[in-house]
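Enquirer: sequence first, then the predicted structure:
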Amino acid sequence: MLVGGIVGGWYRPLSTLHQSVGWLHVCAKRWGDSVTGLVGKKELATPDGFSILEKNCREVVGNHVDAIHKEVSEHRFNHSLEHLDHISNSLCKVLDLCEALRQFHPPGDMVDASVECLHSLGLYMEELNTDPNLYWGMKGMLSSNIELSNEARFCAESYMVDFEKSAIHLGEDVRKKVVEATTNIAHLGMEVEYLQKNSVGVPFYIPESYLAGVPPPQLKMLQRMENGDVIIPSYDQSAGAYLLTVVKDRHVRKVIEEHIYATESDVDTKLEELFLQRTKLAQMVGFEDAAHKALVQSLADTPATVNNFILSAARQIRPKLEKELATLEAVAKEQGYYGPIETYDVKYYSNLVSKTLNTRSEYFSLQNCFVGINVILRNLFGAALVPVQPAKGEVCMCWSYICLKIMHDVVGTFFWFTFLFNKVWHPTVQKYELVEMSDETGVQGDVIGTFYVDLVYRENKNNHPSHYTLQTGRKLRDILPTGELEPQEKPIITLVCGYEDTSALTFDQAHSLFHEFGHALHSLFSRTTYQHIGGTRGSSDFSELPSTLFEKFLQSYDVVKLFAKHPISKQPISRDVHEKLVSQSQAFPSINMDESLILSSLDQYYNSADFLESRSLQKGLELVSENITPFNVTHLPRYRRFFHLITYEAGYYSYAWCQALAKCLWDEKFEANPLSRENGERYREFILEPGSGGDRWKRIEDFLGRRITVQEMALHL
């Protein structure tokens, strides 16, 4: 059923009228008279539905705000948490949907309406964030003798911390200063991001003859001077990084690397001001610095823990890193260079070792990958993804679209693009349900959640692999105006990628698909009482764990041989071929981890009180060179092109952290038997279903059967 859903569906366009009419007949029988709107929201049959969603949302939210005000005025807080989570849930269901559609829905009236709703409802949410009574409802409940579960206490504390970060508890004068500082930081961040991506350094021109190694097609894409010299753009880091991968001349590579980070703009001044303002803001609301503020309720909890992990990880990988550098030195000798490997050599020589990394493999078609995902789901959890036909209007499969599809098959592509109307999402989108499956009978049981996949590349879409939560699977149920309880909410998830050839993915593309599905799995299986801590709604040093762990199944031959089969021979991929793909993908893991630790360390330092004292961006580079990496990076101002400094705010470490944590879980529970039902059920119970709330260290301990320290985590790198 799954295979038919992929192969016979929208990924392979129909080519004859006969096929289209047959397909129309099947769809007509399946759909009947069911009519709805985008992602099952009946209001979204037309763009006007966003105003209806917003109106209904404001009404529900207003009722719960009034209820909290009443509880605070009467000094009783029995239901304040429930009311606040109803407020948050109502807002998130509309705002998250609007943001998601803005990212992947084709341009038109639907997107315009979603953006308008996003702006209007976002302003309303900001008003609510300044309502002291919502904070005092949480504060009063936590300070009273009300008995709370661990989950409820964690959720209430999470809400309270969010309020306190905006100084809602510190009086009107302080709040005004905090709002002003927050606004200034947001503007500074946008300025810095623009300068990082667009600032031009000292003009750098080079004769084409110096660029030996660059393939002719890529060489032609570079801009040139009138005399034919090639212009190396400092603002385009991707172009510079690519040249470092292919240019043969070491001296040219060195100049290119230095040029990447050169700039004539005041990006350094703006960055310094941004970091200083962040820490001053954090101190205004009672934190030591921006890093302490950012890490509240994270798994790491404090900057000291993060820095301890970074140092432990750096020490752990050093022997492996030196071996990998020795491998590159051996390759360099074959090329006639006998000196030490420098930063500008790494990409070039590692590319010579793993230059077939992005070769597509028919074993990893999109169809095979989804079969593999179902193999894992059935074995670990007794669940499966089942393709279902969307209702009319839900994605794009409405009668108008069917007529257009038939006309497209008969008349041609021009007709399709001329008459496709705005309210549809896209014909390549497919809908699945994650369902419980009986091992004995194979009969489908309860639906766990709904899963939309939008995986084919197209213009005007964010094609970066992404996972969007449109609705969490919370247990808390609101009371409808009729006096009845609302239906139990189940998760609604969308997975977005941008594959141009779905018949053969690269191993890296398959890797990204499994990573994003790991996020989706966390959201789909999550069953928390409160949406605020459901699924991936938590700190990144825990929410990246399920996604990173799910990647490991693609690296296990015992799993991959069950689904990675040749489209013609139907034979499974050989162990040798699979090991080659894995080794190419992970050719230099310690070199890559070294880079991650460098950036993580810079991120921590620039958001610390130490930076407030030194006010030196260069000091961060010196500390990294002394304590983290064997390379001297003091001459490379990485911060100028380190875009995550704007968005992460002391959170970049999460990737290295979760690599270590996921490897620990994999090594101890899955490596020997990756499809163990016992371990799968325990993983679901302790890691996935509780979402991002509660005592997450205790949950990890319960799953592993023992405690694990940060130092032990680092040993798995």
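Expert: The structure has been received and is ready for your questions.
Enquirer: pLDDT below threshold where in the stretch 251-400 of the chain?
Expert: Counting by pLDDT under 70, the stretch 251-400 of the chain contains low-confidence ranges at 264-265, 355-358, 395-400.
Enquirer: again, 50 this time
Expert: Low-confidence segments of the stretch 251-400 of the chain, defined by pLDDT under 50, are located at 397-400.
Enquirer: with the stretch 401-550 of the chain instead?
Expert: Regions of the stretch 401-550 of the chain meeting the criterion pLDDT under 50 cover residues 401-424.
Enquirer: and the helices in it?
Expert: If DSSP state H, counting those that start in this stretch is used as the criterion, the helices of the stretch 401-550 of the chain fall at 413-419, 507-525, 540-554.
Enquirer: give the buried residues for the second one.
Expert: Same thing as helix 507-525. Along helix 507-525, these residues count as buried under the neighbour rule (16 or more other CB atoms under 10 Å): 507, 509-525. (C-beta placed from N, C-alpha, C; glycine too.)
Enquirer: can you pull up the most central residue in this structure?
Expert: S466 (5.4 Å; CA atoms, centre = their mean).
Enquirer: that residue contacts Q103, doesn't it?
Expert: Yes. Using CB atoms under 8 Å, S466 makes contact with Q103 at a distance of 7.2 Å.
Enquirer: with adjacent residues omitted, what lies nearest to the residue nearest to the centre of the chain?
Expert: Beyond its immediate neighbours in the sequence, the residue positioned closest to S466 (CB to CB, 6 or more residues apart in numbering) is V496, lying 4.8 Å away.
Enquirer: surely that neighbour meets L470?
Expert: No. The pair V496 and L470 does not pass the contact test of CB under 8 Å, sitting 11.8 Å apart.
Enquirer: before we move on, the earlier item: distance of the residue nearest to the centre of the chain from L688?
Expert: Distance, S466 to L688, using CB to CB, to the nearest Å: 20 Å.
Enquirer: contacts only, for R537.
Expert: Contact analysis of R537 by CB atoms under 8 Å, 6 or more residues apart in numbering lists T469, T472, Q531, S543, G691, S692.
Enquirer: pick out the most distant pair among these.
Expert: For those, with distances taken as CB to CB, the pair at the greatest spread is Q531 and S543 (14.6 Å).
Enquirer: so which of these two has more stuff around it?
Expert: Each of Q531 and S543 had its neighbours counted (other CB atoms under 10 Å), and the higher figure belongs to Q531 (27 against 20).
Enquirer: quick one: the more buried one and I68, what's the gap?
Expert: For Q531, the distance to I68 - CB to CB - is 17 Å.
Enquirer: now do the strands in the stretch 201-350 of the chain.
Expert: Secondary structure of the stretch 201-350 of the chain by DSSP state E, counting those that start in this stretch: the strands cover 205-206, 230-231.
Enquirer: out of the helices of the stretch 401-550 of the chain, nearest to I231?
Expert: Where these are weighed against each other on CB to CB, the nearest is helix 507-525, at 29.6 Å.
Enquirer: which other helices and strands contact that closest one?
Expert: Contact here means 3 or more CB pairs under 8 Å, 6 or more residues apart in numbering; DSSP states H and E; on that basis helix 507-525 packs against helix 366-381, strand 444-456, strand 466-471, strand 492-499, helix 540-554, helix 575-585.
Enquirer: could you dump these to JSON lines with distance to Y349?
Expert: As requested, the helices and strands packed on helix 507-525 are exported to JSON lines (distance: least, CB to CB, whole Å):
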{"stretch": "helix 366-381", "distance to Y349": "31"}
{"stretch": "strand 444-456", "distance to Y349": "34"}
{"stretch": "strand 466-471", "distance to Y349": "33"}
{"stretch": "strand 492-499", "distance to Y349": "30"}
{"stretch": "helix 540-554", "distance to Y349": "26"}
{"stretch": "helix 575-585", "distance to Y349": "15"}
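Enquirer: looking at these, which is nearest to R175?
Expert: Across those (criterion: CB to CB), the nearest stretch is helix 540-554, sitting at 27.7 Å.
Enquirer: now the closest one against strand 466-471, angle please.
Expert: Using axes from the mean of the first three to the mean of the last three CA atoms, to 10 degrees, the direction of helix 540-554 lies 120 degrees away from that of strand 466-471.
Enquirer: which parts of the helix or strand that comes right after helix 540-554 are buried?
Expert: Where DSSP states H and E defines the elements, the next helix or strand beyond helix 540-554 is helix 557-560. Buried positions in helix 557-560, judged by neighbour count with 16+ other CB under 10 Å: Y557, V559, V560.
Enquirer: quick one: which of those residues is nearest to N374?
Expert: For the buried residues of helix 557-560, the residue nearest N374 by CB to CB is V559; the value is 11.9 Å.
Enquirer: pretty sure the closest one contacts R378?
Expert: No. V559 sits out of contact with R378 when judged by CB under 8 Å, with a separation of 11.9 Å.
Enquirer: what sits against R682?
Expert: Neighbour list for R682: K669, F703 [criterion: CB under 8 Å, 6+ apart].
Enquirer: give me that answer again for 10 Å
Expert: Listed by CB atoms under 10 Å, 6 or more residues apart in numbering, the contact set of R682 reads K669, S676, D702, F703, L704, G705.
Enquirer: distance of the closest residue in space to the third one that isn't next to it in sequence from T428?
Expert: Leaving aside its chain neighbours, D702 sits nearest to F686 (4.8 Å; criterion: CB to CB, 6+ apart). F686 is 36 Å from T428, where distance means CB to CB.
Enquirer: overlap in contacts, V559 and R378.
Expert: Shared contacts of V559 and R378 (CB under 10 Å, 6+ apart): L675.
Enquirer: pLDDT weak spots in the stretch 101-250 of the chain?
Expert: For the stretch 101-250 of the chain, counting by pLDDT under 50, not a single residue falls below.
Enquirer: how many neighbouring residues does G498 have?
Expert: 17.
Enquirer: hmm, I was thinking of R458
Expert: Other residues within reach of R458, judged by other CB under 10 Å, total 13.
Enquirer: thinking again about what came up before, what secondary structure does the residue nearest to D702 sit in?
Expert: Of the three states, F686 takes helix under DSSP: H, G, I helix; E, B strand; the rest coil.
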